[in-house]
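Q: coords below, sequence missing:
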């Protein structure tokens, strides 16, 4: 098939029969809708197989037809197409010609906002890079760019395209590259990052064989990306990248970044890497995914734990799935959670094997969620975090592991009833509420205690959702009451607590009777002194008014006398 360009299709457009060149009815309809300027056709997917008819899926079945070339031509003219996904491209020499026509059309288009390219079994790496280079000629209108099977040549093409846009605004918000770009690809890409820095929100470079050098090059390229919200570097090799992870941490702190999500799962990060990373990510990320970095031990988690206790910690979700940290790791994490106020979810599932924790580790987590040493300790426990492991797949047998069961209950209580979590834990852990520590407040505490019990009144009626499996291994949701006691039992606890408080109160009051009497006399003396002072001020004000009135009387008397004298002198004359 001869090389065909835009002008060839433009000359043939008026006479072409789309039904004849299309390999199926669905393709013919898409071409017709594009030619007619159908504003409802906002998305197209190019794929090899169509299991069922979809109004937006363009199926490539024959390489010797020119339907893909015509598709590219009409895409170039479309003003309504917003999303284009390329899952497959035609093969052979004819297929390459059609692909070039498609690329030319995409480069002409001004409406596409999202472009996805993933030709898994068609083009070679070199041809795929050429394809990407052609598509990226015009970047000004793209907001989302997702290129799978990327390599360093593709990154070089993208970096070049970005640099060539000098003077033109590139509003790329979401950039996703995966394949095997390596450290060289990151360096090539970084040269053009300044063009998209003000707008970039999401950067996904997962599974790209990036190491320490590539990570440091990336951090340098991100220098001005202060609006970045999601950074995904999963499935790269950071086993020897403590320096690169440290530079990433410093970048977050230096630029005062607040990342919504940072994904570093399956990166081979070890204790040294976590230590270098911890401060920056804990204080400047809302979600951190460190799952399946199984080289991290309790030593690394201790460094993370210290940062979790900081008042500046911003982490809300922490994922440690697939990490066999054991009892030592659990105790290290528990130490950080004890004073943490930001973290809402901690994930530590291990789908391959059972969690390698004994009752020692579960007891550490249980104490963080509900310290039963005293009512005050229970009140100061963590009532915000939810610990998530494989409890979504089975419910814990209370007879087998009491501490794990308690962690499960307290965790779900924190999630499902956060406003009642502290009160419920106090009632669950302290059947007999010792009121003696509160006697120092005397009767001042009584109305506070009554109000607390009133606010805790819904606790016996609350339920939490749990899982249960039947003999067929099918899961069902069950509702479990938080407090296994009736309203009558709860009211009895309230009355008992109030009775003990009032019973102990008189003796406590008598012991401080003299101090109370003295304090009352001092109050009365102070009030009398204040009253005397006020009366003296009133007397002084009254004397001042009298003096002013006397002066006024004298002045008026003189005026009257002078007036009388003048009147008398006038009558004599």
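A: Yep, it's here. Everything quoted here is computed from the prediction, not taken from an experiment.

Q: what bits of the stretch 401-550 of the chain have low per-residue confidence?
A: Counting by pLDDT under 70, the stretch 401-550 of the chain contains low-confidence ranges at 401-402, 442-443, 467-477, 505-523.

Q: Going along the chain, name the helices of it.
A: Remark: helices assigned in the stretch 401-550 of the chain by DSSP state H, counting those that start in this stretch are 402-416, 421-429, 446-455, 487-511, 513-572.

Q: could you dump these to a markdown table with mean neighbour count and distance to residue 224?
A: Glycine gets a C-beta too; all of them are placed from N, C-alpha and C. Formatted as a markdown table, these follow (neighbours: other Cβ atoms under 10 Å; distance: least, Cβ to Cβ, whole Å):
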| stretch | mean neighbour count | distance to residue 224 |
| --- | --- | --- |
| helix 402-416 | 21 | 39 |
| helix 421-429 | 21 | 43 |
| helix 446-455 | 13 | 50 |
| helix 487-511 | 13 | 60 |
| helix 513-572 | 10 | 66 |
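
Q: For those helices, give me TSV that also has distance to residue 345.
A: Listed next are the helices of the stretch 401-550 of the chain as TSV, based on distance: least, Cβ to Cβ, whole Å:
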stretch	distance to residue 345
helix 402-416	8
helix 421-429	15
helix 446-455	26
helix 487-511	31
helix 513-572	51
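
Q: With respect to residue 365, which of those helices lies nearest?
A: Comparing these against residue 365 with Cβ to Cβ, the closest turns out to be helix 402-416 (4.8 Å).

Q: Touching the closest one from outside, list them.
A: Helix 402-416 is touched from outside by 359, 362-363, 365-366, 369-370, 382-388, 391, 395-398, 420-421, 424-425, 464-466, 480, 482, with contacts defined as Cβ atoms under 8 Å, 6 or more residues apart in numbering.

Q: got the angle between it and helix 421-429?
A: Angle of helix 402-416 versus helix 421-429, following axes from the mean of the first three to the mean of the last three Cα atoms, to 10 degrees, is 150 degrees.

Q: re earlier: from the contacts of helix 402-416, list the buried ones, please.
A: Neighbour counting over those (16 or more other Cβ atoms under 10 Å) leaves 362-363, 365-366, 369-370, 382-388, 391, 395-396, 420-421, 424-425, 464, 466, 482 as the buried ones.

Q: My guess is residue 333 contacts residue 340. True?
A: No - in this structure, residue 333 is not within contact of residue 340 by Cβ atoms under 8 Å, at 10.0 Å.

Q: which residues do these two both contact?
A: Residues touching both residue 333 and residue 340 by Cβ under 8 Å, 6+ apart: residue 308.

Q: Please state the backbone phi and psi of residue 324?
A: phi -90, psi 70 (degrees, to the nearest 10).

Q: Surely it touches residue 294?
A: Yes - counting by Cβ under 8 Å, residue 324 does reach residue 294; the two are 6.3 Å apart.

Q: buried ones in stretch 68-78?
A: Residues of stretch 68-78 classed as buried by neighbour count (16+ other Cβ under 10 Å): 68, 69, 70, 71, 72, 73, 74, 75, 76, 77, 78.

Q: where in the stretch 51-200 of the chain is pLDDT low?
A: Per-residue confidence for the stretch 51-200 of the chain (pLDDT under 70) gives these ranges: 51-53, 62-65, 93-94, 119-130, 164-169.

Q: All the helices of it, residue numbers only.
A: For the stretch 51-200 of the chain, helices defined by DSSP H, counting those that start in this stretch occupy the ranges 67-77, 92-108, 125-135, 152-164, 182-190.

Q: Please name every helix or strand in contact with the fourth one.
A: Using 3 or more Cβ pairs under 8 Å, 6 or more residues apart in numbering; DSSP states H and E as the contact definition, the elements that helix 152-164 packs against are helix 125-135, strand 174-180, helix 182-190.

Q: what inclination does the second one have with respect to helix 182-190?
A: Spelled out, that is strand 174-180. On the basis of the same axes, to 10 degrees, strand 174-180 is oriented at 150 degrees to helix 182-190.

Q: Determine the angle, from 0 to 180 degrees, between strand 174-180 and helix 152-164.
A: Going by the same axes, to 10 degrees, strand 174-180 makes 150 degrees with helix 152-164.
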